[in-house]
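*Asks:* This is a predicted model, with the sequence first.
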Amino acid sequence: MLTNRQLFLQHVGQTSDQPLMLEIERAEGIYMYDTRGQQYIDLISGVSVNNIGHRHPAVVEAVEEQMEKYMHLMVYGEMVQSPQVKLAKYLNDLLPEQLDSVYFVNSGSEAMEGALKLAKRFTGRPHIKAFKHAYHGSTHGALSVLGNEDMKRAFRPLMPGIEHLTFNDFACLDAIDEHTACVVVEPIQAEAGIIEPQNSFLQALRERCDEVGALLIFDEVQVGLGRTGKLFAFEHYQVVPDIMTLAKGLGGGMPIGAFVAPKKMMDCLKTNPMLGHITTFGGHPVSCAASLATLKVIHEEHLAEKAVAKGQRFREKLHHKAIHEIRGKGLFLAIELNDKQLLKRFMDEAFKEHLVMDWFLFCETAFRIAPPLILDNYQIDEIVKKILVALNRAETA
């Protein structure tokens, strides 16, 4: 009889030739447990999903309570569903006043698809600007604005009319003109290895968009929901987008995404044509209930603010000659080793220390630290010790 691991490789579509192959039986807080009962520390929050940890009691309670009432009723937008209404209102109250309309979808890629369609529909313009080394998802439109040719080459031709600029290069801003529908950007570039905007670059980008009437889209899918020390990463830079995308940490472990815009803009999807954007499972009531519980935990327990001190604790304690630089904000850190092969050996050794870790898609010399925001100082110190042990072994391997 085949094992689950064998069946996984045989019947489940794979994303690479080297899956982690860790079979998890249960998870709670910052920990995951395999079928032998071995404990692992989730140092990447399922890639910025479990910002309040695995199976947070508030999320579990909200899911169970909603499932007792109803699950899917009808395709999105046709029926008034209380979980959607409550979540949209709560989210809008946390955002700048002009971002007052939420369209719920299932994922970050879908949120980006909706945001791109909205920008083209509202402006009537054909061209889009994005940035090199940016990640926005893997569906056709999201892949088109993704800033890495290696991930796109096999799928061309993609969407036309897209030009990729260089992040933090002010000279590139002149490429944004009267034919540009929108500019898509991460307030902090994530998969590039956590690259922050420099010298008021986002402010200059906002000004250029305003000059030519282009819309500014912020992708907050990975950097939002408290991870960087603010509820939303754009708050660090006092720049408000025209459209914003959210997902990952929005659901507390349940699948949900959203794009947010001014209502006068969002309303253009209702006509010419009707159903300008549509989704069957977007805004699923169970996911919305989980999301509302998640937002309340982050907001009411001040997890974003607490992430600043926790991130600083990592910085203060992570001293090793192999570490060239630590970049990032809050609990979203890139540990730069400056050596691709050393990073590979370190990741192998870190797994032996039962740390679930990850590197960056477009940065081959750094690993990320992005644990659940709920971890405490004792857990931080335990993680640091394990990282240093793994680094020592990797250097001598």
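*Replies:* Thanks, I have the structure now.
*Asks:* and the most centrally placed residue in the chain, what is it in contact with?
*Replies:* The residue lying closest to the centre of the chain (CA atoms, centre = their mean) is residue 222, at 1.7 Å. Contact analysis of residue 222 by CB atoms under 8 Å, 6 or more residues apart in numbering lists 47-48, 108, 135, 186, 190-191, 248. The way it works is simple: take the backbone N, C-alpha and C, and place the C-beta from them, glycine included.
*Asks:* Of the residues you listed, which belong to helices?
*Replies:* 47-48, 108 (DSSP state H).
*Asks:* Whichever of those end up buried, select them in PyMOL.
*Replies:* The following PyMOL line selects those of the ones in helices among the contacts of residue 222 that are buried, judged by 16 or more other CB atoms under 10 Å:
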select buried, resi 48+108
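*Asks:* Looking at the ones in helices among the contacts of residue 222, spot the one nearest residue 392.
*Replies:* Residue 392 lies nearest to residue 47 out of the ones in helices among the contacts of residue 222, by CB to CB, at 26.8 Å.
*Asks:* for that closest one, what are its contacts?
*Replies:* 222, 248, 358, 370.
*Asks:* picking up where we left off before, of all the ones in helices among the contacts of residue 222, which comes closest to residue 101?
*Replies:* Distances from residue 101 to the ones in helices among the contacts of residue 222, taken by CB to CB, are shortest for residue 108, at 18.6 Å.
*Asks:* State the distance from that closest one to residue 159.
*Replies:* As judged by CB to CB, to the nearest Å, residue 108 and residue 159 stand 17 Å apart.
*Asks:* circling back: which of the contacts of residue 222 sit farthest apart?
*Replies:* Pairwise over the contacts of residue 222, using CB to CB, the maximum falls at 47 and 186, 14.3 Å.
*Asks:* ok so, going back, any chance of the ones in helices among the contacts of residue 222 in JSON lines with distance to residue 306 and pLDDT as columns?
*Replies:* Shown next, in JSON lines, are these (distance: CB to CB, whole Å; pLDDT from 0 to 100):
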{"residue": "47", "distance to residue 306": "21", "pLDDT": "96"}
{"residue": "48", "distance to residue 306": "17", "pLDDT": "96"}
{"residue": "108", "distance to residue 306": "25", "pLDDT": "98"}
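*Asks:* Identify, from the ones in helices among the contacts of residue 222, the entry nearest to residue 374.
*Replies:* Relative to residue 374, and with distances defined as CB to CB, the nearest of those is residue 48, at 14.0 Å.
*Asks:* how close does the residue lying closest to residue 62 once chain neighbours are set aside sit to residue 369?
*Replies:* Distance criterion CB to CB, 6 or more residues apart in numbering; nearest residue to residue 62, sequence neighbours excluded, is residue 293 at 3.9 Å. Distance, residue 293 to residue 369, using CB to CB: 26 Å.
*Asks:* Kindly report the same for residue 219.
*Replies:* With CB to CB as the criterion, residue 219 and residue 369 are 21 Å apart.
*Asks:* what do you get for residue 26?
*Replies:* For residue 26, the distance to residue 369 equals 24 Å [CB to CB].
*Asks:* Looking at those two, which one has more neighbours?
*Replies:* Neighbour tally, residue 26 and residue 369, criterion other CB atoms under 10 Å: the higher count belongs to residue 369, 25 against 12.
*Asks:* was I right about that one contacting residue 336?
*Replies:* No - here residue 369 does not reach residue 336: they are 11.7 Å apart, not a contact under CB atoms under 8 Å.
*Asks:* Residue 113: helix or strand, and which one exactly?
*Replies:* Residue 113 belongs to helix 108-123 when assigned by DSSP states H and E.
*Asks:* Only the buried residues of that helix, if you could.
*Replies:* So helix 108-123, judged by 16+ other CB under 10 Å, has buried residues 108-116, 118-123.
*Asks:* Nearest to residue 321 among those?
*Replies:* Ranked by distance to residue 321 (CB to CB), those are led by residue 108 at 36.9 Å.
*Asks:* Please name the residues that touch that closest one.
*Replies:* 136-137, 142, 219, 221-222, 245-248, 257.
*Asks:* Residues touching the lowest-mean-pLDDT helix or strand in the chain, excluding its own?
*Replies:* The helix or strand of the chain with the poorest confidence is helix 4-11; it has a mean of 90 (mean pLDDT, DSSP states H and E). The contact list for helix 4-11 (CB under 8 Å, 6+ apart) reads 2, 19, 21, 23.
*Asks:* Make JSON lines from the residues you listed and add neighbour count and pLDDT to it.
*Replies:* Formatted as JSON lines, these follow (neighbours: other CB atoms under 10 Å; pLDDT from 0 to 100):
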{"residue": "2", "neighbour count": "10", "pLDDT": "90"}
{"residue": "19", "neighbour count": "12", "pLDDT": "88"}
{"residue": "21", "neighbour count": "8", "pLDDT": "89"}
{"residue": "23", "neighbour count": "12", "pLDDT": "94"}
